[in-house]
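Asks: Below are the sequence and a predicted model; questions follow.
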Amino acid sequence: MILKTKEEIEVMAKGGHLLKQTINELELMVSEGRKTIEIEKRAEQIILELKGKPSFKGQGGFPFSVCASLNEEIVHGLPSDYALKNGDVFTIDFGIFFKLEKFLGNNFDKKKYPNILNGFHTDMARTFIVGEVDSEVKRLLTATRKMLKMGIKKVRPGLTTGDLGETMQRYAEKQGFYIIEGLCGHGIGKDLHELPDIMNYGERHKGIKLVPGMVFCIEPMLSLGSSDIKLSKNGFTYITSDKSISAHFEDMIAVTEDGARVLTK
C-alpha cells in the first residue's frame, strides 16, 4: 500500500477535478436516442485535449475508455450502437491518467514526489436516469448516492475499512436494497487498482486501519433484486444474476489528518 505525500495528493486533486468536469460534460449527452458509443468517442476526445491517457483502456484487455453500463449491468459495460431509451438506467465509470508534468511542468522537484514520478490515475462513476422511471428505481439511485456520502463521512484516521463497510451496509439494508457482492472499491495512484480494497459491507474495527496519505475509491453498488453477479458473454461486463436494475456511484478520496478529502469534485 503506497501512501501519498501532501504534494502528491494536491496533484491527484487537480486530476480529479478535471475528471469531474469531464463526467459533467458527458452527463449532458445522456438523453433518449444517444448512442453509448458517442459518449465513448467524446470521452476520448476530451482525454486528448487534456493530454491524458484513458485509465481503463487495456486494463485486463478492456477495449474502451469508458465503462457504459445499462440497467442490470453493474460495471464494465461496453459502449455500442445501442441508443438510450426512456426508462434506461445508465452508468458512466471513467478514469484518466495524468502525468505529473501536466500540472507541474517538466522541471518539477522530484524530491517532493518520492513514491510516484510518472503520474496518477483518477477514477469515478455516476448513474443516470434516462426519461422517466418508477419511484423504486429513483429510490435505488438516491440510496446508492447517499451510501457513498455516508462512507465518505466515515473516513478519518484511526477507523478501519471495516468501519466504512459496516456503516454503508447498515444503511443499504435498512433501505431494503441488495449490496452487490464480489465487487468493491480500491486504492488508487500510480496504478489504477492498489490496496486497500474498500468493501461495501463489513464489521466494525475489522480490516485495514486508515492513516493519512491513503487514497482510495469508495464505490457502492446496489440492486433492486439480488446481491449475486455473473459475467456476461462478452467477458467483461458484470450483471445482476436476476437481471434486476443496479446503480453505482464512485468518488476518489484522500485520508487527511482532518478526515476525508474528496478529490473528484
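Replies: Thanks, I have it. Residues are numbered from 1 along each chain as shown.

Asks: How about exporting the helix ranked longest in the chain as CSV, limited to the C-alpha atoms?
Replies: Assignment by DSSP state H gives helix 6-27 as the longest helix of the chain. The C-alpha trace of helix 6-27 is given here as CSV (Å, rounded to 0.1, in the frame of the first residue of the first chain):
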residue,chain,number,x,y,z
LYS,A,6,0.5,16.1,0.7
GLU,A,7,2.1,17.3,-2.6
GLU,A,8,1.0,14.2,-4.4
ILE,A,9,-2.5,14.5,-3.1
GLU,A,10,-2.6,18.0,-4.4
VAL,A,11,-1.7,16.8,-7.8
MET,A,12,-4.3,14.0,-7.6
ALA,A,13,-6.9,16.6,-6.6
LYS,A,14,-6.2,18.6,-9.8
GLY,A,15,-6.6,15.5,-11.9
GLY,A,16,-9.8,14.5,-10.0
HIS,A,17,-11.2,18.0,-10.7
LEU,A,18,-10.6,17.6,-14.4
LEU,A,19,-12.2,14.1,-14.3
LYS,A,20,-15.3,15.5,-12.5
GLN,A,21,-15.6,18.3,-15.2
THR,A,22,-15.4,15.6,-17.9
ILE,A,23,-18.1,13.5,-16.2
ASN,A,24,-20.3,16.6,-16.0
GLU,A,25,-19.9,17.2,-19.7
LEU,A,26,-20.6,13.5,-20.6
GLU,A,27,-23.7,13.7,-18.4
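
Asks: other SSEs contacting it?
Replies: Judged by 3 or more C-beta pairs under 8 Å, 6 or more residues apart in numbering; DSSP states H and E, helix 6-27 is in contact with helix 36-49, strand 89-94, strand 96-99, helix 101-104, strand 119-121, strand 124-129, strand 251-256, strand 259-262. All C-beta atoms are positioned from the backbone trio N, CA, C, and that covers glycine.

Asks: Please name the residues that touch Phe97.
Replies: Taking C-beta atoms under 8 Å, 6 or more residues apart in numbering as the contact definition, Phe97 lies against Gly52, Lys53, Pro54, Ser55, Gly119, Phe120, His121, Thr122, Leu192.

Asks: How much space separates the first one from Met150?
Replies: What that stands for is Gly52. Separation of Gly52 from Met150 (C-beta to C-beta, to the nearest Å) stands at 31 Å.

Asks: Which one's more surrounded, those two?
Replies: Between Gly52 and Met150, counted using other C-beta atoms under 10 Å, the more crowded position is Gly52 (22 against 17).

Asks: my guess is that one meets Leu100, correct?
Replies: No: between Gly52 and Leu100 there is no contact under C-beta atoms under 8 Å: 11.8 Å.

Asks: Across the sheet, point out what pairs with the residue lying closest to Arg261 once chain neighbours are set aside.
Replies: Closest residue to Arg261 apart from its sequence neighbours, by C-beta to C-beta, 6 or more residues apart in numbering: Ala254 at 4.5 Å. Beta-bridge partners for Ala254, by DSSP bridges, are Val215, Arg261.

Asks: my guess is Ala254 meets Val11, correct?
Replies: No: assessed by C-beta under 8 Å, Ala254 is found out of contact with Val11, at 11.1 Å.

Asks: gap between the two ends of stretch 244-262?
Replies: 30 Å (C-alpha to C-alpha, to the nearest Å).

Asks: on that earlier part again, which two of the contacts of Phe97 have the greatest separation?
Replies: Within the contacts of Phe97, Pro54 and Phe120 form the most distant pair, 14.0 Å apart (C-beta to C-beta).

Asks: of the two, who's got more company?
Replies: Using other C-beta under 10 Å as the criterion, Pro54 and Phe120 rank with Phe120 on top: 30 against 20.

Asks: number of nearby residues for the closest residue to the more buried one other than its chain neighbours?
Replies: Leaving aside its chain neighbours, Phe120 sits nearest to Met12 (5.0 Å; criterion: C-beta to C-beta, 6+ apart). Met12 has 26 neighbouring residues, counting by other C-beta under 10 Å.
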